[in-house]
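**Student:** how does the following fold in three dimensions:
(chains A and B)
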There are 2 protein chains.
Amino acid sequence: MSSQERKKSRVTLLDVARHASVSRATASLVLRKSPLVGSETRARVEQAMRDLGYVYNIGAARLRVERSQIIGAIVPNLTNPFFAELLSGIEEAIGATGKVVILANSGERVERQSMLLQRMREHGVDGVVLCPAAGTEPDLSEQLAAWGMPVVQVLRHISVDMDYVGVDYAGGMRQAVDYLASLGHEKIAFAVHGPFHSAYRERVDGFRDAMLAKAFDPEILIHLPPQLGEIADSTHLLFAKATQPTAVICFNHLVALGLAAGLHDCGLTIGRDLSLIGFDDVADAEAIRPRLTSVSTGPTAIGEMAARLLVERIANPDLPPRRVVNDTTLSVRQSCGRPA
Amino acid sequence: MSSQERKKSRVTLLDVARHASVSRATASLVLRKSPLVGSETRARVEQAMRDLGYVYNIGAARLRVERSQIIGAIVPNLTNPFFAELLSGIEEAIGATGKVVILANSGERVERQSMLLQRMREHGVDGVVLCPAAGTEPDLSEQLAAWGMPVVQVLRHISVDMDYVGVDYAGGMRQAVDYLASLGHEKIAFAVHGPFHSAYRERVDGFRDAMLAKAFDPEILIHLPPQLGEIADSTHLLFAKATQPTAVICFNHLVALGLAAGLHDCGLTIGRDLSLIGFDDVADAEAIRPRLTSVSTGPTAIGEMAARLLVERIANPDLPPRRVVNDTTLSVRQSCGRPA
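**Tutor:** Numbering: from 1, shown residues only, chains lettered A, B, ... in the order given. Sure thing, here's the model as predicted:
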């Protein structure tokens, strides 16, 4: 390092503020790109930074900044009760630390998610629990790191550089397939829907691996539409393939709810004419009759864990990235029987 | 007004800032109680305000402040799909204006709601759509007015001094009772649950008025527990009163979902053994079989309307308080028949 560079690195934010004739607080707001600073003031402070060769020390700045005590949470779909349960877990754990949670819905739109992250940053949230919208690029993690924004990925992951709390989806698929196999089923369909992301891939791959391990046909994938009513009306798709399944594993709660209604409409009795296994096991599943046998992914516990990891990450930004993958449990109820 | 007072009222925020040796931006942050200002600076600015007799002009300040383009929405219960649909309406309408929505869940806790409003204020949201937690005192409206915080009450109201967007709950009850009466029902129960608030009161009063107008017994109120699973397990309460109902009106979606499952467990066929009418008619109701006849309150449209009123209120703080009460519609499906 030349003496000139050393000199530059010793320029403080107070020097910048004085040079620009603003307070240190205002200069700090400019650094954090706060919308509270007018464009003229911002330009003056930025010019002063260039004039003096100011180098922003993110690590030191983080120690100085007063925390907002606000945590952001961004999910892709609020009308899915699975995310409502996840959020209740996040709120529970964050609330216990005296912080509050603000939520936002990306609607599975990457640009919208980008804007939400930007606004949360401008308004000084301490960190974000993010379930990335389908199609989010891995380099989002570099952007967030450059901002110095602590983030925990939840349920879906886009980068190994950020903390992740999720579910052993493949293990859950194995539990479902093994249980159905124990009842004598071999022709098992997987009814899927929704956009493509890591949790989708892991469920489908997990299903195929579990079927192959039993030497069953791993390709009875039924693609269903996104909305509940449409799913119910698409139930005939279960029987449109060459191989007629005797059991169906549902991608998530919505698929189970829709197919349960649709099978009723077809005059079929669940558990007798066709076995059905749910995935996720949210509280709303308690209204399905016959009671649904389901792989439970424990969304509330996942939310709590993600919140705890985020609080640790905020306190200690230099921790290496962590990865927590929860086991699933199979809740056996009344929706599966022997093959018809 | 004495000349001394006139002099005081002409003290500007810039005067205060100079007196306290801070920037105008910092003095402004102090005024808005931003946590971004350190306690020492805050004390110095507040002392300067007292020394100079500074009078804060909320109206003028509002015109000066740069908008954050962030709208807050606070609901009492995120796991109720009704609120998820309301929020999607709010997001739709706010998104169309280029602003973003941050959400928070009061969990029906008044202190928590208070803290959320405070934090949203500190972080400069432009306004809030609020569904007040049960037990919220009417004087919250004075507090919010003192802050200069634009707020629209939605679904529940606590004060006539703030805008309100809601539903003609009484009209909905009349539709349900009149329809059941047209099928020959006279012994109609109202299955309720949840905390006490304006929407609860209006539904119960509306039910009683509609029953009295037909000269039916208006007192067959069945009180059910809060959670879905508990509701299903409490279905026997429908038959625990002296008068055995032939039809049941459900307080909301959760009650309908729970009772539909519970009646199945009791071996009763909905529409034949007992008629059932839902209230709210959220998308999840599409999974109930037989298909549920329901009073629809249109939560998405209510969310859109509340968002529109809030945007107008932010642009024009001096509008008189407005009150929009949407009509309900009765969706006749398959869950009601003639009395058994």
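**Student:** walking through chain A, point out its strands one by one.
**Tutor:** A:70-75, A:100-105, A:127-130, A:151-154, A:163-167, A:188-192, A:221-223, A:247-250, A:275-280, A:293-296, A:323-326, A:329-331 (DSSP state E).
**Student:** can you say which of the ones you listed is nearest to chain B?
**Tutor:** Among the strands of chain A, strand A:100-105 comes nearest to chain B, with 4.2 Å by Cβ to the nearest Cβ. In short, each C-beta sits where N, CA and C put it, glycine included.
**Student:** what average pLDDT does that closest one get?
**Tutor:** Per-residue pLDDT values over strand A:100-105 give a mean of 90.
**Student:** which residues sit against that strand?
**Tutor:** A:69-78, A:87, A:90-91, A:94-95, A:116, A:120, A:125, B:72, B:78, B:87-88, B:91, B:100-105, B:115-116, B:119-120 (Cβ atoms under 8 Å, 6 or more residues apart in numbering or on different chains).
**Student:** please repeat the previous calculation with a cut-off of 7 Å.
**Tutor:** Contact partners of strand A:100-105, identified using Cβ atoms under 7 Å, 6 or more residues apart in numbering or on different chains, comprise A:69-75, A:78, A:87, A:90-91, A:94, A:116, B:91, B:100-104, B:115-116, B:119.
**Student:** tell me the angle of that strand relative to strand A:70-75?
**Tutor:** Using axes from the mean of the first three to the mean of the last three Cα atoms, to 10 degrees, the inter-axis angle of strand A:100-105 relative to strand A:70-75 is 30 degrees.
**Student:** spit out the contact partners of the spatially most central residue of chain A.
**Tutor:** Closest to where the C-alpha atoms of chain A average out (Cα atoms, centre = their mean) is A:Cys131, at 2.1 Å. By Cβ under 7 Å, 6+ apart, the contact list for A:Cys131 reads A:Ile74, A:Val75, A:Pro76, A:Val154, A:Leu155, A:Arg156.
**Student:** turn the residues you listed into CSV, columns for pLDDT, distance to B:Glu40 and neighbour count.
**Tutor:** Formatted as CSV, these follow (pLDDT from 0 to 100; distance: Cβ to Cβ, whole Å; neighbours: other Cβ atoms under 10 Å in any protein chain shown):
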residue, pLDDT, distance to B:Glu40, neighbour count
A:Ile74, 96, 35, 23
A:Val75, 95, 39, 27
A:Pro76, 95, 43, 24
A:Val154, 98, 39, 31
A:Leu155, 97, 43, 26
A:Arg156, 98, 44, 20
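**Student:** low pLDDT regions in the stretch 151-300 of chain A?
**Tutor:** Under the criterion pLDDT under 70, no range of the stretch 151-300 of chain A is flagged.
**Student:** what does it put close to chain B?
**Tutor:** Contacts of the stretch 151-300 of chain A with chain B, taken as Cβ under 7 Å from any Cβ of the partner chain, map to A:228-229, A:232, A:257-258, A:260-261, A:264, A:283-284, A:286-287, A:289.
**Student:** closest one of the residues you listed to A:Val167?
**Tutor:** Comparing those against A:Val167 with Cβ to Cβ places A:Ala283 closest, at 17.2 Å.
**Student:** hang on, the closest one packs against B:Leu228?
**Tutor:** Yes. When contacts are counted by Cβ atoms under 7 Å, A:Ala283 is listed as touching B:Leu228 (5.8 Å).
**Student:** more neighbours: these two, which one.
**Tutor:** Higher neighbour count among A:Ala283 and B:Leu228: B:Leu228, with 21 against 18, using other Cβ atoms under 10 Å in any protein chain shown.
**Student:** test my guess that that one contacts A:Glu286.
**Tutor:** Yes. Taking contacts as Cβ under 7 Å, B:Leu228 lies within contact range of A:Glu286: 5.2 Å.
**Student:** what about the helices in chain A?
**Tutor:** If DSSP state H is used as the criterion, the helices of chain A fall at A:3-9, A:13-20, A:24-31, A:39-52, A:58-64, A:81-95, A:110-122, A:140-147, A:169-182, A:198-213, A:228-233, A:253-265, A:299-315.
**Student:** so which elements touch the last one?
**Tutor:** If you count contacts as 3 or more Cβ pairs under 7 Å, 6 or more residues apart in numbering or on different chains; DSSP states H and E, helix A:299-315 packs onto helix A:81-95, strand A:127-130, strand A:151-154, strand A:163-167, strand A:323-326.
**Student:** can you list these in CSV and add distance to A:Val295?
**Tutor:** Converted to CSV, those look like this (distance: least, Cβ to Cβ, whole Å):
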stretch, distance to A:Val295
helix A:81-95, 13
strand A:127-130, 23
strand A:151-154, 18
strand A:163-167, 9
strand A:323-326, 12
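**Student:** weakest of these by average pLDDT?
**Tutor:** helix A:81-95 (a mean of 91).
**Student:** settle this for me: A:Leu292 is touching A:His253, isn't it.
**Tutor:** No. If you go by Cβ under 7 Å, A:Leu292 and A:His253 don't touch, sitting 9.1 Å apart.
**Student:** between those two, which contacts overlap?
**Tutor:** A:Gly278, A:Ala285.
**Student:** look up the closest residue to A:Ala189, ignoring the ones flanking it.
**Tutor:** A:Pro245 (3.7 Å; Cβ to Cβ, 6 or more residues apart in numbering or on different chains).
**Student:** and for A:Val248?
**Tutor:** A:Ala189 (4.8 Å).
**Student:** A:Leu13 now?
**Tutor:** A:Ala27 (5.3 Å).
**Student:** what's the answer for A:Asn326, then?
**Tutor:** A:Val167 (5.4 Å).
**Student:** and the one you found, what does it touch?
**Tutor:** A:Leu155, A:Thr297, A:Ile302, A:Val325, A:Asn326, A:Thr328.
**Student:** also A:Arg338?
**Tutor:** So A:Arg338 contacts A:Leu183, A:Gly184 (Cβ under 7 Å, 6+ apart).
**Student:** and it, how far from A:Leu263?
**Tutor:** 17 Å (Cβ to Cβ, to the nearest Å).
**Student:** same deal with A:Ala146?
**Tutor:** From A:Ala146 to A:Leu263 the distance is 51 Å (Cβ to Cβ).
**Student:** of the two, who's got more company?
**Tutor:** A:Leu263 (21 against 9).
**Student:** correct me, but that one touches A:Ile270?
**Tutor:** Yes. A:Leu263 is within contact range of A:Ile270, at 5.6 Å (criterion: Cβ under 7 Å).
**Student:** overlap in contacts, these two.
**Tutor:** Contacts common to A:Leu263 and A:Ile270, judged by Cβ under 7 Å, 6+ apart, are absent.
**Student:** would you turn the helices of chain A into CSV with distance to B:His193?
**Tutor:** Conversion of those to CSV gives the following (distance: least, Cβ to Cβ, whole Å):
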stretch, distance to B:His193
helix A:3-9, 64
helix A:13-20, 56
helix A:24-31, 48
helix A:39-52, 53
helix A:58-64, 47
helix A:81-95, 18
helix A:110-122, 34
helix A:140-147, 42
helix A:169-182, 33
helix A:198-213, 34
helix A:228-233, 23
helix A:253-265, 22
helix A:299-315, 22
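**Student:** which stretch among these comes nearest A:Asp161?
**Tutor:** The nearest among the helices of chain A, by Cβ to Cβ, is helix A:140-147 at 4.6 Å.
**Student:** so what's the residue count around A:Thr300?
**Tutor:** 19.
**Student:** related to what we said a few turns ago, for B:Leu14, state which of the residues of the stretch 151-300 of chain A next to chain B is nearest.
**Tutor:** Nearest member of these to B:Leu14, counting by Cβ to Cβ, is A:Ala283, at 55.7 Å.
**Student:** got the contact list for the closest one?
**Tutor:** Counted by Cβ under 7 Å, 6+ apart, A:Ala283 has contacts A:Glu85, B:Leu228.
**Student:** state the distance from it to A:Thr300.
**Tutor:** Where A:Thr300 is concerned, A:Ala283 sits at a distance of 9 Å (Cβ to Cβ).
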